[in-house]
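> coordinates only, sequence not included:
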């Protein structure tokens, strides 16, 4: 189901003016705080009535100010996962999970209660109240509650932002499973490029209430205008080949073998890996006698000098792109130019666990 | 126990106690829905005349009770504007009846009830109500399934406070519906009446004991209920 949004709304001192169409899958609204992400999601949820605009999922129109149509939130059939969980404190976990289900039309209740409880691993919590749950447990229950409401559209507003790194690592895989196993479109708000790299089918980068860039995770994360030179990164698709006894996982990519710290994914799984541009070193000749394990080979397609001493060099590796952040001095000394074959060196340990997610980069999964 | 209490008290005193309990019970119960509605309006809505409504609700708290009673008399009395209407159309007469005493008690207790409930409503996070609405609950369902359970401790506290205030109401009651044994003579009116006649001290002091027991019971009950509900909501 295609999600089409065009919105104009003014607050004192801030204005939101966006228009985009997102294909099925996970659309991540990405940007710093104050860029208008939450405002946009609340307009989709019906918690905010926009000055002007139209929001539709497929042919189902939620808001159309010209046609004077505004569906109240309770008639929009949403599953909204909030940053702070917002579980009902006076209800048990079981009652929280059943809350939205009760209001959903009978024929829409296709998601089985047991399956959702199993998928989220919350079977042992059903009789507790939210006050007795940890942050990660609360967020899993919140995801379950949203799913069981039989939503036509799932909204998630920085659902991981209030959690520590360990809890983030616990919850993120559930969103990957939602993307891969459930056909409901997801609109996901985040300011973390690692989450974008792992989850997004489409990224809409917002800046001060406007769209700064839109595209695949690889396109947007590699965009200096959005990310800044320091934040630029590439997203590569890789397949798990084997796990080795020395604590490394061997993968293949279009550009050659990739060795990463041990991953939980089974052999044969396709995953996506985010590699920060500043962690990549370039060499004209294939280097030898090097401690770094990963040497990926590609063709230079673009060299973008920055305002400072740096430059971003982008290689084509198969159908994907790998960007390296090097100095302008190196570009001159190595005489780099588009069309040349070049080797990119990446340390295994430069890729953190949160940079690795399931699914192919840049196309809808499932 | 009731038998023991009714033999310990004289018939006139027992009558006053029973009347007081009945007047206060109905005053509290009948004004509770309106109290919740007004508290909700004051806590959540903005509308023209909100400050006027707030002032009107609090008026009985700051006016001399005799003034409130007099205003009730000229409004709801037989010759009063509303009183005439009620009598002509519904055959309802409030003046010099126990129902009038209940109206006086309800009006005097109303600000206390509304304050307690309003505080409870203001403590409910509107974000929880928004979450409920995104899950498919209409406004009415959000109120019934989320707001109401969360403000229940406040409602109970407000009701008990109002009940205790109604038991003690004197000035407005005696001005509006006078001091008729069996009809409008509540505990405070009875104590006042006993103290006017020689040898009435003993009966008066028995009623004082009853008043203290009722007040203490109400207080302890409200503490107990509030703590129990709070524990339920916190979840342990």
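Perfect, thanks for sending it. All of these numbers come straight from a predicted model, not from anything done at the bench. Numbering: from 1, shown residues only, chains lettered A, B, ... in the order given.

> three-state assignment of the nearest residue to residue A:108 once chain neighbours are set aside?
Distances taken as C-beta to C-beta, 6 or more residues apart in numbering or on different chains place residue A:150 nearest to residue A:108, at 4.0 Å, with adjacent residues excluded. In this view, the C-beta of every residue, glycine as well, is placed from N, C-alpha and C. Following DSSP: H, G, I helix; E, B strand; the rest coil, residue A:150 is assigned to coil.

> tell me the contacts of residue A:150?
Applying C-beta atoms under 8 Å, 6 or more residues apart in numbering or on different chains to residue A:150 gives the contacts A:77, A:100-101, A:104-105, A:108-111.

> Most neighbours of all these, which one?
Each of the contacts of residue A:150 was scored by neighbour count (other C-beta atoms under 10 Å in any protein chain shown); the top score is that of residue A:100, with 27 neighbours.

> In this structure that residue contacts residue A:149, no?
Yes - taking C-beta atoms under 8 Å as the definition, residue A:100 is a contact partner of residue A:149 at 2.7 Å.

> How about the residues of the stretch 101-250 of chain A by chain B?
Listed as neighbours of chain B in the stretch 101-250 of chain A under the rule C-beta under 8 Å from any C-beta of the partner chain: A:102-104, A:128-132, A:145-146, A:149, A:155.

> Inside helices: which ones of the residues you listed?
A:102-103, A:145-146 (DSSP state H).

> could you point out which element follows whichever strand or helix holds residue A:313?
Residue A:313 is part of strand A:310-317, with elements assigned from DSSP states H and E. Downstream of strand A:310-317, the next assigned helix or strand under DSSP H and E is strand A:320-327.

> Parallel or antiparallel, which strands does that next one pair with?
The pairing partners recorded for strand A:320-327 under DSSP bridges are strand A:310-317 (antiparallel).

> how much distance is there from the strand it pairs with to the middle of the chain?
Centroid displacement of strand A:310-317 relative to its chain, using C-alpha atoms, centre = their mean, to the nearest Å, is 23 Å.

> And the contacts of it?
A:222, A:224, A:229, A:232, A:236, A:253-255, A:277, A:282, A:296-306, A:321-328, A:330-331, A:336, A:342, A:344.

> follow-up on the earlier one: got CSV for the ones in helices among the residues of the stretch 101-250 of chain A next to chain B, with neighbour count and pLDDT too?
Listed next are those as CSV, based on neighbours: other C-beta atoms under 10 Å in any protein chain shown; pLDDT from 0 to 100:
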residue, neighbour count, pLDDT
A:102, 15, 89
A:103, 19, 90
A:145, 27, 94
A:146, 27, 93
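
> which among those residues gets closest to residue A:33?
residue A:146 (22.8 Å; C-beta to C-beta).

> Next, the contact list for residue A:162, please.
Counting by C-beta under 8 Å, 6+ apart, residue A:162 has contacts A:83-85, A:135.

> ok, now how distant is residue A:340 from residue B:215?
Counting by C-beta to C-beta, to the nearest Å, the gap from residue A:340 to residue B:215 is 92 Å.

> Apologies, that question was intended for residue A:296.
In terms of C-beta to C-beta, residue A:296 sits 82 Å off from residue B:215.

> and the two? which has more neighbours close in?
residue A:296 (22 against 15).

> contacting residues around the more buried one?
A:253, A:255-256, A:258, A:315, A:317, A:322, A:343-344, A:346.

> what's the burial count for residue 85?
No chain was given, so I picked chain A. 21.

> sorry, should have said chain B
12.

> Helix or strand with the lowest mean pLDDT in chain A?
Lowest mean confidence among the helices and strands of chain A (mean pLDDT, DSSP states H and E): helix A:224-231, at a mean of 78.

> in that helix, what's buried?
By neighbour count with 16 or more other C-beta atoms under 10 Å in any protein chain shown, helix A:224-231 contains the buried residues A:224, A:226-227, A:229.

> Give me the distance between residue A:284 and residue A:203.
Relative to residue A:203, and taking C-beta to C-beta, residue A:284 is found at 33 Å.

> likewise residue A:92?
Residue A:92 sits 38 Å away from residue A:203, going by C-beta to C-beta.

> okay, those two: which has more neighbours?
Applying other C-beta under 10 Å to residue A:92 and residue A:203 shows that residue A:203 carries more neighbours, namely 30 against 18.

> Grab the nearest non-local neighbour of that one.
Closest residue to residue A:203 apart from its sequence neighbours, by C-beta to C-beta, 6+ apart: residue A:220 at 4.1 Å.

> got a list of what that neighbour touches?
Taking C-beta under 8 Å, 6+ apart, one finds A:30, A:196, A:203, A:205, A:213-214, A:226-227 in contact with residue A:220.

> rerun at 10 Å
A:28, A:30, A:193, A:196-197, A:200, A:202-205, A:212-214, A:226-227, A:233, A:235, A:362 (C-beta atoms under 10 Å, 6 or more residues apart in numbering or on different chains).

> Next step: the residues you listed restricted to strands.
Using DSSP state E, the members of the contacts of residue A:220 that fall in strands are A:28, A:30, A:202-205, A:212-214, A:233, A:235.

> Out of those residues, which comes closest to chain B?
Proximity of the ones in strands among the contacts of residue A:220 to chain B was ranked by C-beta to the nearest C-beta; the top entry is residue A:28 with 19.6 Å.

> what are the ranges of the helices in the stretch 151-300 of chain A?
Under the criterion DSSP state H, counting those that start in this stretch, the stretch 151-300 of chain A contains helices at A:165-181, A:193-199, A:217-221, A:224-231.
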